[in-house]
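Peer 1: Next one to model:
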Amino acid sequence: MNIQQFKSCIGELFGQLLLDFQEDEEYGYSNFTAADYRTIGYATNLTPEIVQQAAQHKVDLIITHHDAWGFVYGMKERCMALLEEHHIAHFYIHLPLDYAEFGTCHSLLRLLGANVVQQSQHVNGDSSIGIGELERSITLEQLAETMRELLGENIFVQPNSNRDVRRIGMVTGAGNSTNQLKEAMESQCDVYITGEKTLYTVQYAKFIQMNLIVGSHTFTEIFGVRSLACKIQEKFPDVEVIQLLEEHNEVMS
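Peer 2: Take a look at the predicted model:
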């Protein structure tokens with residue numbers, strides 16, 4: 001798979017979503033050459049540790065949800081230097097992956113056993129919630145246990161009502177806004193799931209009696225990156241795909 005084939009595949013998979021967002025802001029390509037890319041490594045985040053791990057596994061192309069953050073001062077420059085040193089290309093895709101049919105929110109909803117009934121979208125500069133419905137109601141703790149198993153980490157669970165769960169509202173990653181909780185309430189969700197929380201998240205969830213589950217930003221979003229990597233592999237069966245392992249640095253105690 002060369003760069004032209006890869007870009008064509010990305011265009012086919014995301015379509016209008018690529019046109020809705022600015023390249024080099026919400027998605028971008030780094031260190032690509034005329035090389036043939038045979039091994040893809042995927043992760044949620046680009047960090048120096050991820051690039052070094054990719055080099056150990058002889059990865060040709062890293063795909064991530066997040067680019068290295070510029071406000072984690074010096075880290076992006078270090079990542080770019082390591083990519084060049086090890087001759088590894090990098091592609092990141094942020095908001096288009098959040099809103100894709102196979103993306104971050106919908107991948108996690110489906111793994112929880114829910115049918116997606118509302119797609120997450122970009123509305124007024126923020127993410128609207130995705131909504132999924134289970135075939136039958138379960139307890140909050142049953143849903144939380146499934147989350148723990150999927151993410152492989154501790155999670156934050158705030159029971160704010162006694163009702164069982166069937167309708168799930170979700171924004172993976174930084175869905176800590178009270179606006180998103182309000183949308184979940186207005187959409188008659190039984191629980192809201194996200195990947196970050198603040199004081200306002202937990203206060204408002206309690207106030208509106210919305211059950212709340214919070215995993216980590218990294219591991220609520222990894223399944224969307226996996227879905228993307230698998231779709232690329234379907235298009236190019238000779239490409240090997242491996243997950244680059246990240247630490248559970250955000251684990252709730």
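Peer 1: any chance you could map the strands in the stretch 151-253 of the chain?
Peer 2: Assigned by DSSP state E, counting those that start in this stretch, the stretch 151-253 of the chain shows strands spanning 156-158, 165-171, 191-194, 211-214, 240-243.
Peer 1: of all these, which lies closest to Leu108?
Peer 2: The closest of the strands of the stretch 151-253 of the chain to Leu108 is strand 165-171. By CB to CB, the value is 6.7 Å. C-beta here means a position set from N, CA and C on the backbone, and glycine is covered the same way.
Peer 1: And stretch 37-48, what's buried?
Peer 2: By 16 or more other CB atoms under 10 Å, the buried positions in stretch 37-48 come out as Tyr37, Thr39, Ile40, Gly41, Tyr42, Ala43, Thr44, Asn45, Leu46, Thr47.
Peer 1: Check the offset of stretch 199-207 from the chain's centre.
Peer 2: 23 Å (CA atoms, centre = their mean, to the nearest Å).
Peer 1: Also stretch 226-233?
Peer 2: Mean-position distance between stretch 226-233 and its chain equals 13 Å (CA atoms, centre = their mean).
Peer 1: Just the C-alpha atoms of it, please, in CSV.
Peer 2: Below are the C-alpha coordinates for stretch 226-233, written out as CSV (Å, rounded to 0.1, in the frame of the first residue of the first chain):
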residue,chain,number,x,y,z
ARG,A,226,-9.1,-0.4,15.7
SER,A,227,-12.1,-0.3,13.5
LEU,A,228,-10.4,2.1,11.1
ALA,A,229,-7.2,-0.1,11.0
CYS,A,230,-9.3,-3.2,10.2
LYS,A,231,-11.2,-1.4,7.4
ILE,A,232,-7.9,-0.5,5.8
GLN,A,233,-6.7,-4.1,6.2
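Peer 1: Flag every buried residue along that stretch.
Peer 2: Arg226, Ser227, Leu228, Ala229, Ile232.
Peer 1: Among those residues, which are located in helices?
Peer 2: Counting by DSSP state H, those place Arg226, Ser227, Leu228, Ala229, Ile232 in helices.
Peer 1: Let me see the contact set for the closest residue to the first one other than its chain neighbours.
Peer 2: Pointing back at Arg226 there. Nearest in space to Arg226, with sequence neighbours left out and distances taken as CB to CB, 6 or more residues apart in numbering, is Tyr42 at 6.4 Å. Going by CB atoms under 8 Å, 6 or more residues apart in numbering, Tyr42 touches Ile62, Ile63, Thr64, Val225, Arg226, Leu228, Ala229, Val241, Ile242, Gln243, Leu244.
Peer 1: got it, and Gly113?
Peer 2: By CB under 8 Å, 6+ apart, Gly113 lies in contact with Leu134, Glu135, Thr146.
Peer 1: Tell me how the chain divides into domains.
Peer 2: Per the record, the chain has its domains at 3-93+220-243, 107-214, by automatic domain parsing.
Peer 1: before we move on, back to that, can you name the two of the buried residues of stretch 226-233 that are farthest apart?
Peer 2: Spatially, the most separated pair among the buried residues of stretch 226-233 is Arg226 and Ile232, at 10.9 Å (CB to CB).
Peer 1: picking that back up, among the buried residues of stretch 37-48, which one sits closest to Leu111?
Peer 2: Thr44 (15.2 Å).
Peer 1: and that closest one, how far is that from Ile138?
Peer 2: 27 Å (CB to CB, to the nearest Å).
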